[in-house]
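In: With the input below, show me the fold.
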Amino acid sequence: IPAGERWLLDADMSVRTLTILGELLWDTSADGLTLFAGYVLVSGGGLLQIGTSASPMLLRATVHIRANGATHETLGERFLGSHPSSGDLTPRLEIYGRPLTRTWSL
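Out: The predicted structure is shown next:
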């Protein structure tokens, strides 16, 4: 997703890799959306946003990282993450889901 562009994910998406330099906003009113990719990278001043703190994603949403041979030169294979490219830009990956009534730790 090019810098300066804002995309709304409102249908399933299947790509080899996804690099977000602009903004990708997940449609929180759509149930069962899936993003398929070998990796998802938020870079530069990019933003991947699934819900917000004020309006979390309450429906089913899936990011499926496939083993498709795609490799990033720094981060490797099969990941969802962020990595600064250069300059003063900070990539953001924001995921807000339904509130948990019970949590566990080991």
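In: Can you give me every residue that contacts the nearest residue to residue 92 once chain neighbours are set aside?
Out: Of all residues not flanking residue 92 in the chain, residue 47 sits nearest, at 4.7 Å (CB to CB, 6 or more residues apart in numbering). In short, each C-beta sits where N, CA and C put it, glycine included. Residue 47 makes contact with 20, 22, 23, 24, 25, 91, 92, 93, 94, according to CB atoms under 8 Å, 6 or more residues apart in numbering.
In: OK, contacts around residue 91?
Out: Applying CB under 8 Å, 6+ apart, the residues near residue 91 are 20, 42, 43, 44, 45, 46, 47, 82, 83, 84, 85.
In: Model confidence for it, exactly?
Out: pLDDT for residue 91: 95.
In: just residue 101 next, same as before
Out: 81.
In: gap between residue 17 and residue 4?
Out: Residue 17 sits 20 Å away from residue 4, going by CB to CB, to the nearest Å.
In: All set now, cheers.
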